[in-house]
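sequence below, structure please.
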Amino acid sequence: MADIDHLVGQLNEQQKEAVLENSKPLLVLAGAGSGKTRVITTKIAYAIEKLGIPPYKILAVTFTNKAANEMKERVKMMLDGNPTADECNIRTFHSFGAWLLRRFGSEIGLGSNFTIYDDDDSLSLLASCFPTYKKRELDPVMRKISYAKDRGLSSTDNLSSLKVDSTFKRMYEAYEQKLRRVGNVDFADLIGRSIELLTEKSQVLSWVHNRFSMILVDEYQDSNAAQFNLLKQLVGPNCFVCVVGDDDQSIYRFRGAEVQNILSFPSLYPGTRTVKLEQNYRSTQNILEIANSVIRNNKGRHDKRLWTANTKGSKPNVLYVQDEQDEALRVSNILLADKQFNQSAVLYRTNAQSVAFETVFKRLGIPYKVVGALQFYEREEVKDALALLFLLTNTKDEVNFKRMINKPARGIGPGALETILSFSSQTDGNLLAMLSLALEEGSLSAKAKAGALHFLKMYQHAQAMLEGGELVDCANFLVRESGLVDHYTELDSLNSTSKVENLEALVSALGSYDSSLEGLLQFLEQLSLDPTTLGSEDPRDKEGVTLITMHNTKGLEFDRVFVAGLEEELFPGRSSESDDDVEEERRIFYVAVTRARRDLYLLCARARRIWGKTSFQHPSRFLDEVDPSLVAVQGIRPGSFAQGGYQGFSSLGEKRRTASEHTFGNSGGNLIQQGFGSKAKTFTMQTTHASKEGEALFPLGQRVYSDSYGEGEVVEVRMSGDREVIEVRFHTGRKATFISKFAQLEKLGSD
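Have a look, this model is predicted:
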């Protein structure tokens, strides 16, 4: 076991002060790269070894499962030899909520086998309440409901602060009633219903106050109003509370994060001691000066300034480029000069900006990985298999029942489904019982009857297998007997994908859990709370340049960082109009810059294609806030452009065309010249059309809407045998492949 005095002695004075203060409420303002995780883990080890606090009485909360797992491992290393080290309760807020509700949820009518709905499931449940609406119409309503819950507002509260009408209130109430009727929770409920439990059941509140004598919260700047209220409930009269965070890195307001939580902590907890961690161990001083010069323009922040004992380093570079293709080429040129791919990252504000980089990197043979692309847990085939398992644990789960009762098609159309669900009141919402009654009643068509009988017998057999302790075999049985394996085998052969392998990986993962209902519930809960449990790779584990949004870079660092798209209406975005919006965007810039250890490049384009249209850009105001003496500038800074007035030449070796002509690839193929110094490479881009002109079900460039992925655009159309196959890139940056004839996509008109 490491000597705790030695560990504390290795800290700087401010870090040491934070570890040793354990009597007053403590606010630790931890700047980027200042070693806050080291402080928190040392503080936990110190509390156990020196203060004699039992590990099970310590609750440490952070915001990602990855961070929680890293903390657990560090504390265990520090306490090596202490058999109680595993008893430390180190979790995310949502994981803690699930932990509490599994134990005491019955006190407020919530069964212990509840399913945790993700965003798609929640939207499907709302759609079931209002079948006359399309999902894309209900999507913003669902997001508003989640936002309300994050603000701690229930459907019965005054919702005037959300600027919503009576229709929204009615929809919120209907959604909430149905959610409680089926006995499940959405993600926000893990916090909201925990507050409900602690507020209404004094005996549970007393148990919590007796259980925890020390509570630590990491990344407190990212807490929302509901989490703020939960913390107030958790902190008992004899409990030491410490929050750690950085108001300058509060970048999740769109999720409901409230920077005021960390700003107001001293006023809420009288006698608070504030410790500032300002020494940065990551970046050069020149990079930190860029970050300091911009973030100081924010008014809603604690006063602090990052500094480092590291070298001054080279000056960061500002690169003014022609367009997104030139932007990608300039970055490629720098990368190819030293081939330090693994240590480099391209950061952008929106996922869609990765397209140009992916295209150019592929053609130049630059290895890369896209972080934030479609995750294993979000893939259609995986969600289908999980839906079968969720229904196995909760036979009232209407969302997952509707997803799978006719997938793959088994003759149960909308009319048959309506008939089955009409027996709800007679079965207390048990969907398998509804199937049984519908079969007995005899109103289903012969085809629907056969499909319903097969589905019912499949689940009866699966339930018997699970009761017999055959979890893996049960899951294997469900994905095969349901027809999913055959369905995705056909799709794999058409598209050269590996969907069946993903089903196999999911089933195999169950082998690590107890072969029982409890084991299945544990597996499903962990996967719901941490989608990276399966099939996701740490970007640091793969070869190549990291392509990543600025929001996804929290906790990461790279030797060299390229910050792309520093243009008004992109960064800050066009919707960022209020002072609070701009301050949030400025914090995002601060986070992006402080990911760089050694080299930093800031890129700004004169023009950019957005939804197929060329827009002339203006430099981001954040570039104006950087002291010119701190940077080396390359290229000519664009000024104001008269509409259609700019006639510059792009790096592609061609005179810029008008917006209507400036397409990237067409059926005839375009020659794209890419220059690197005195050398140039020319590539031909061909786009294959699925059929004769006018026959394609989804033409190239068609904007579409998917219930699963949102809005997107058709980026490739091809034939596979006699079937038209299309590839769609969605606004989130995700790509998905569909067979046109069967694609559940809604065509959208042009802007």
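
tell me what the helix or strand hosting residue 599 is packed against?
Assigned by DSSP states H and E, residue 599 belongs to strand 596-605. Here strand 596-605 touches helix 285-295, strand 317-321, helix 324-338, strand 558-563, going by 3 or more Cβ pairs under 8 Å, 6 or more residues apart in numbering; DSSP states H and E. Using the backbone N, CA and C atoms, a C-beta is placed for each residue, glycine as well.

looking at these, spot the one closest to residue 250.
Set against residue 250 and scored by Cβ to Cβ, the helices and strands packed on strand 596-605 come closest in helix 285-295, at 11.3 Å.

who touches stretch 102-116?
With contact meaning Cβ atoms under 8 Å, 6 or more residues apart in numbering, stretch 102-116 is reached by 98, 101, 180, 183-187, 190, 193, 196-197, 200-201, 204, 207, 390, 393-394, 397, 400, 517, 521, 524-525, 528-529.

quick one on the thing from earlier: would you reformat the helices and strands packed on strand 596-605 as a markdown table and include distance to residue 125?
Converted to a markdown table, these look like this (distance: least, Cβ to Cβ, whole Å):
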| stretch | distance to residue 125 |
| --- | --- |
| helix 285-295 | 41 |
| strand 317-321 | 46 |
| helix 324-338 | 39 |
| strand 558-563 | 39 |
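
show the pLDDT at residue 165.
Per-residue pLDDT puts residue 165 at 89.

apologies, that question was intended for residue 232.
On pLDDT, residue 232 comes in at 96.

again with residue 659
Note for residue 659: predicted pLDDT of 29.

next one: the one 4 residues further on
The pLDDT attached to residue 663 in the predicted structure is 29.

ok, now residue 541?
Model confidence at residue 541, expressed as pLDDT, equals 65.

before we move on, what about residue 612?
pLDDT at residue 612 comes out at 54.

and for residue 653?
30.

can you give me the helices in the stretch 101-250 of the chain?
Assigned by DSSP state H, counting those that start in this stretch, the stretch 101-250 of the chain shows helices spanning 119-129, 135-150, 166-182, 189-200, 202-211, 225-234.

mind putting those helices into CSV with distance to residue 709 and mean neighbour count?
Listed next are the helices of the stretch 101-250 of the chain as CSV, based on distance: least, Cβ to Cβ, whole Å; neighbours: other Cβ atoms under 10 Å:
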stretch, distance to residue 709, mean neighbour count
helix 119-129, 9, 20
helix 135-150, 11, 19
helix 166-182, 21, 17
helix 189-200, 24, 21
helix 202-211, 40, 14
helix 225-234, 27, 20
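
for residue 486, find the nearest of these.
When those are compared by Cβ to Cβ, helix 119-129 sits nearest residue 486, at 23.9 Å.

ok and that closest one relative to helix 189-200, angle-wise?
Relative orientation of helix 119-129 and helix 189-200, computed by axes from the mean of the first three to the mean of the last three Cα atoms, to 10 degrees: 70 degrees.

which strands and helices sit next to the lengthiest helix in the chain?
As assigned by DSSP state H, the longest helix anywhere in the chain is helix 446-467. The contact analysis (3+ Cβ pairs under 8 Å, 6+ apart) places helix 446-467 against helix 380-393, helix 414-421, helix 431-441, helix 471-481, helix 517-529.

need the contact partners of that helix.
Contacts of helix 446-467 (Cβ under 8 Å, 6+ apart): 391-392, 395, 405-406, 410-413, 416, 420, 432, 435-436, 438-439, 444, 473-474, 477-478, 481-482, 516-517, 520.

same check on stretch 120-136?
Under the criterion Cβ under 8 Å, 6+ apart, residues 117, 138-139, 141-142, 145-146, 171, 174-175, 178-179, 182, 186-187, 383, 398-400, 402-403, 705, 707-708, 710-711, 746 lie in contact with stretch 120-136.

so how far is residue 30 from residue 304?
10 Å (Cβ to Cβ, to the nearest Å).

neighbour count winner among the two?
The neighbour comparison of residue 304 against residue 30 (other Cβ atoms under 10 Å) goes to residue 30, with 27 against 19.

which residue lies closest in space to that one, excluding its sequence neighbours?
Distances taken as Cβ to Cβ, 6 or more residues apart in numbering put residue 36 closest to residue 30, at 3.6 Å, once the chain neighbours are dropped.

and the one you found, how far from residue 255?
Taken as Cβ to Cβ, the span from residue 36 to residue 255 is 21 Å.

comparing those two, which residue is more hemmed in?
Using other Cβ under 10 Å, the more surrounded residue of residue 36 and residue 255 is residue 36, with 21 against 12.

ok, the more buried one - contacts?
Residues in contact with residue 36 (Cβ under 8 Å, 6+ apart) are 28, 30, 218, 244, 277.

now flag whichever of the residues you listed is closest to residue 507.
Closest approach between the contacts of residue 36 and residue 507, by Cβ to Cβ: residue 218, at 34.8 Å.

CA atoms of the host helix or strand of residue 583 as CSV?
Under the criterion of DSSP H and E, residue 583 resides in helix 579-593. Output in CSV follows, covering the C-alpha atoms of helix 579-593 (Å, rounded to 0.1, in the frame of the first residue of the first chain):
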residue,chain,number,x,y,z
ASP,A,579,-25.0,36.8,-23.9
ASP,A,580,-25.4,33.4,-22.1
ASP,A,581,-25.2,31.6,-25.5
VAL,A,582,-22.0,33.4,-26.5
GLU,A,583,-20.4,32.8,-23.1
GLU,A,584,-21.2,29.1,-23.5
GLU,A,585,-19.6,29.0,-26.9
ARG,A,586,-16.5,30.8,-25.6
ARG,A,587,-16.2,28.1,-22.9
ILE,A,588,-16.3,25.5,-25.7
PHE,A,589,-13.4,27.4,-27.5
TYR,A,590,-11.5,27.3,-24.2
VAL,A,591,-12.0,23.6,-23.8
ALA,A,592,-10.9,23.0,-27.4
VAL,A,593,-7.7,25.0,-27.1
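
contacts for it?
With Cβ under 8 Å, 6+ apart as the test, helix 579-593 has contacts from 32, 248-251, 253, 287, 290-291, 294-295, 297-300, 347, 349, 550-551, 553-554, 561, 563, 571-573, 575-576, 600, 621-622.

list only those of these flagged as buried.
Buried residues within the contacts of helix 579-593, counting neighbours by 16 or more other Cβ atoms under 10 Å: 32, 248-251, 253, 287, 290-291, 294-295, 298, 347, 349, 550-551, 553-554, 561, 563, 571-573, 576, 600, 621-622.

mind listing what's buried in stretch 36-50?
Buried-residue list, stretch 36-50, by 16+ other Cβ under 10 Å: 36-49.

what's the mean pLDDT across that stretch?
What stretch 36-50 shows for mean pLDDT is 94.

what's the closest non-adjacent residue to the most centrally placed residue in the chain?
For the chain, the residue nearest the mean C-alpha position is residue 372 (7.3 Å; Cα atoms, centre = their mean). With Cβ to Cβ, 6+ apart as the criterion, residue 372 has its nearest non-adjacent residue at 4.9 Å, and that residue is residue 552.

so that neighbour sits in a strand?
No - inclusion of residue 552 in a strand is not indicated when DSSP: H, G, I helix; E, B strand; the rest coil is applied; the result is helix.
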